[in-house]
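Asks: The following block contains a protein sequence and its predicted model.
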Amino acid sequence: MSESRYLLLRHKYFRIIDLLPQRTGLSLRCALDFFYRSETYAEMVEGISDMHCRSDAYLAEELRREYDGTTA
């Protein structure tokens with residue numbers, strides 16, 4: 001992976017993690033932990049369905065749904 005792509009993805013991850021507490025009620029620390037353990041993150045890393053190309057808001061909503069599914 002090129003350094004520029006790596007940096008772009010890292011910034012994207014930060015923006016998504018920053019949105020999670022607003023959508024889930026998690027603390028920022030818990031949101032960070034949840035993000036890196038999520039199926040959504042795994043799909044982004046693996047390039048499945050071009051998840052990394054979707055908007056930050058869309059991905060934060062996907063993570064909220066995933067979070068709601070794990071806490072129900």
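Replies: That came through, no problem.

Asks: F14: neighbouring residues, count only.
Replies: 13 (other C-beta atoms under 10 Å). Bear in mind the C-beta positions are built from the backbone N, C-alpha and C, glycine included.

Asks: let me fix that: L8
Replies: Using other C-beta under 10 Å, L8 has 12 neighbouring residues.

Asks: Helix or strand: which one has it?
Replies: Secondary structure assigned from DSSP states H and E places L8 in helix 3-24.

Asks: do the same with E43
Replies: With elements delineated by DSSP H and E, E43 resides in helix 39-46, which encompasses its position.

Asks: which helices and strands does that helix pack with?
Replies: The elements that helix 39-46 packs onto, with contact taken as 3 or more C-beta pairs under 8 Å, 6 or more residues apart in numbering; DSSP states H and E, are helix 56-71.

Asks: How far does the helix it packs on sit from its chain's centre?
Replies: Taking the mean of its C-alpha atoms, helix 56-71 sits 8 Å from the chain's own mean (C-alpha atoms, centre = their mean, to the nearest Å).

Asks: Pull the residues that contact it.
Replies: Contacts made with helix 56-71 from outside it, assessed by C-beta atoms under 8 Å, 6 or more residues apart in numbering, are listed as 12, 15-16, 19-20, 23-24, 26, 34-35, 38-40, 44, 51, 54.

Asks: Of these, which qualify as buried by neighbour count?
Replies: Neighbour-count burial (16 or more other C-beta atoms under 10 Å) is assigned, among the contacts of helix 56-71, to 12, 16, 19-20, 23-24, 26, 34-35, 38, 40, 44, 51, 54.

Asks: Tell me which of these has the lowest pLDDT.
Replies: Looking at pLDDT alone, these dip lowest at M51, where the score is 82.

Asks: List the contacts of it.
Replies: Going by C-beta under 8 Å, 6+ apart, the list of residues near M51 reads 40, 43-44, 59, 62.

Asks: Distance of it relative to K12?
Replies: M51 sits 10 Å away from K12 when distances are taken as C-beta to C-beta, to the nearest Å.

Asks: repeat for E39
Replies: For E39, the distance to K12 under the criterion C-beta to C-beta works out to 17 Å.

Asks: Then E46?
Replies: Here the distance between E46 and K12 works out to 15 Å (C-beta to C-beta).
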